[in-house]
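>>> Everything below, folded, please.
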Amino acid sequence: MSKILIITNHSYMLYRFRLELIQTLMKDHEVVLSMPFVGHEEDFQALGLKCIDTAVDRRGINPKTDLKLFAEYRRLLKSELPDLVITYSIKPNIYAGIACSLAGIPYCANVQGLGTAFQRKGLAQFVTLLYKAAFRRVRTVFFENEGNAEEFRRRNILSAERQTLLNGAGINLESYPCRPYPENREIHFLYLGRIMKEKGMDELFEAARRLHAEQVPFVLDLVGFFEDEYKERVEELVELGIAKFHGFQEEPRPYYAAADCVVLPSYHEGMSNVLLEAAATGRPVITSRIHGCMETVIEGESGLLCEVKDAESLYEALKAFAALPREKRAAMGIRGRKHVEKRFEKSKVVEATIKALGNLEID
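Just a heads-up that it's a prediction; the model follows:
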C-alpha cells in the first residue's frame with residue numbers, strides 16, 4: 001500500500017471540500033495530512049488518518065517565516081517518506097513543491113484560484129518565478145477553471161500537457177438538497193464569505209445603498225468574518241436597516257435556504273463553492289462575469305452576471321432581480337439546481353481526480 005501525503009494550509013477547508021476525495025484515496029492508500037489545526041482535525045483523526053499540525057502563515061509574505069515553512073516541509077518529507085504528495089493552496093504548492101522536487105518525490109498540486117498574488121504586478125512576477133521552480137518536476141496540476149489554467153500557460157509556468165481541469169471541488173448534492181423557495185416579504189440578498197475588498201464588498205455596499213435610497217424592499221444578509229477596514233461600514237449598514245450581520249456561521253445551509261438570491265461580486269475565484277452550494281439549494285445567484293464564477297450560472301436562466309469591479313453593473317443586476325415575480329425567481333433556482341447536478345456533482349469530480357492520479361507514472 002502506497003503512502004499519500006496531503007499538504008494544505010487549512011484543516012477546516014480541507015474537511016469541507018475534500019473529504020469525499022480523501023475517503024476514496026483511503027480505500028487503496030495510506031493517507032497522511034499536514035495542515036494547521038483550525039477545525040475538523042479531530043474528525044479526520046476519527047477516520048483513522050494521521051494528522052500533522054503544520055503552521056502556515058496563509059496571507060503573510062515574510063521571507064523568514066516562509067523559509068521556516070520550507071525547512072519544515074523538508075523535515076516532513078524525510079520523516080514520512082511518502083510515495084506521492086498532493087498539495088493545496090499557494091504556499092504548500094510552492095514550498096512543498098520545491099521540497100518534493102529536491103527530494104525526488106512525485107507530487108501534484110491544486111491551484112484553487114490565483115488569489116492576490118497575481119493581482120499585484122511586482123508580486124505576480126515574483127510568484128511566477130516561485131511557481132516555475134515549484135512546478136519544474138510536478139506530475140500534474142489540477143485547475144478549477146480554464147482561465148486560471150490559461151494564465152499559467154501564458155506565464156510559461158506550466159504546459160498544457162501537465163494541466164488537469166476539474167469542475168472545482170464539486171458539490172455533494174445529498175448534503176445540499178434543493179429547498180423550497182422562501183416566501184419573504186422583502187427580497188433577501190445573501191452574501192456568504194469573508195467580507196473583504198477582493199470579494200467585491202465596495203461595489204456591493206455601494207449598490208445596496210442605491211437600492212435602499214430608491215426604497216426597493218430588500219435586506220442584505222452578511223454571513224462571515226469582516227476585515228478590520230470594513231467594521232465601521234458594516235455597522236453603519238446595519239444601523240441604516242440595509243444589512244443584517246450574522247457573523248461567521250459554520251453551518252451555512254439555513255442561510256442559503258432563507259435567501260431569495262445569493263450575491264458574490266468577487267474579483268477572482270478558483271471555482272466558487274458558495275455559488276455551487278447556493279445553486280444546489282435552489283437559489284438564483286448574482287455574480288461577476290469572471291472564470292470561477294460564471295461557470296456556475298446559466299445567464300438569465302439560473303442567475304445574473306455583472307461586470308467585475310463595477311458597482312453600476314451590480315446595482316442594475318440587483319434591481320432587475322428584485323423586480324422579478326417570486327415564481328420566476330423560484331424557477332431560476334430550480335434551473336440552477338439542474339445545472340450543478342449536470343456539471344458539478346461531487347462524485348464526478350472525485351472520479352476525475354482519481355483517474356488523473358491513476359494515470360501518473362509514479363516511480
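>>> just so I have it, where are all the helices in the stretch 101-250 of the chain?
121-134, 146-154, 201-213, 231-239 (DSSP state H, counting those that start in this stretch).
>>> Identify the residue spatially nearest to Met196, adjacent ones excluded.
In space, and not counting its chain neighbours, Met196 is closest to Glu227: 4.7 Å by C-beta to C-beta, 6 or more residues apart in numbering. Where you see a C-beta, it was placed from the backbone N, CA and C, and this is true even at glycine.
>>> Name the nearest residue to Val238, sequence neighbours excluded.
According to C-beta to C-beta, 6+ apart, the nearest residue to Val238 is Phe245 (5.4 Å).
>>> Around that neighbour, how many other residues sit close by?
15 (other C-beta atoms under 10 Å).
>>> Ok, the one 5 residues further on next?
When counting by other C-beta under 10 Å, one arrives at 8 neighbours for Glu250.
>>> same question, the one 3 residues further on
As a burial measure, Arg253 scores 15 neighbours (other C-beta under 10 Å).
>>> repeat for Arg137
Arg137 has 16 nearby residues by other C-beta under 10 Å.
>>> From Ser313, how far out is it?
Arg137 sits 43 Å away from Ser313, going by C-beta to C-beta, to the nearest Å.
>>> How about Val263?
Where Ser313 is concerned, Val263 sits at a distance of 13 Å (C-beta to C-beta).
>>> from what I can see, Gly292 looks like it's in a helix, true?
No. Under DSSP: H, G, I helix; E, B strand; the rest coil, Gly292 falls outside any helix and is assigned coil.
>>> Could you double-check that it sits in contact with Asn273?
No. Using C-beta atoms under 8 Å as the test, Gly292 is too far from Asn273 to be in contact (10.3 Å).
>>> Counting neighbours, go ahead and name the busier of the two.
Applying other C-beta under 10 Å to Gly292 and Asn273 shows that Gly292 carries more neighbours, namely 26 against 23.
>>> Could you pull up the contacting residues of the more buried one?
113, 144-145, 147-148, 266, 268-272 (C-beta atoms under 8 Å, 6 or more residues apart in numbering).
>>> Once you drop chain neighbours, what's closest to Ala55?
Using C-beta to C-beta, 6+ apart, the nearest residue to Ala55 is Pro36, at 5.6 Å.
>>> The stretch 151-300 of the chain: strands as residue ranges?
Taking DSSP state E, counting those that start in this stretch, the strands of the stretch 151-300 of the chain run over residues 163-165, 187-192, 218-223, 243-247, 261-264, 285-288.
>>> what comes into contact with the first one?
In other words, strand 163-165. In contact with strand 163-165 (C-beta under 8 Å, 6+ apart) are residues 140-146, 149, 152-153, 352, 356.
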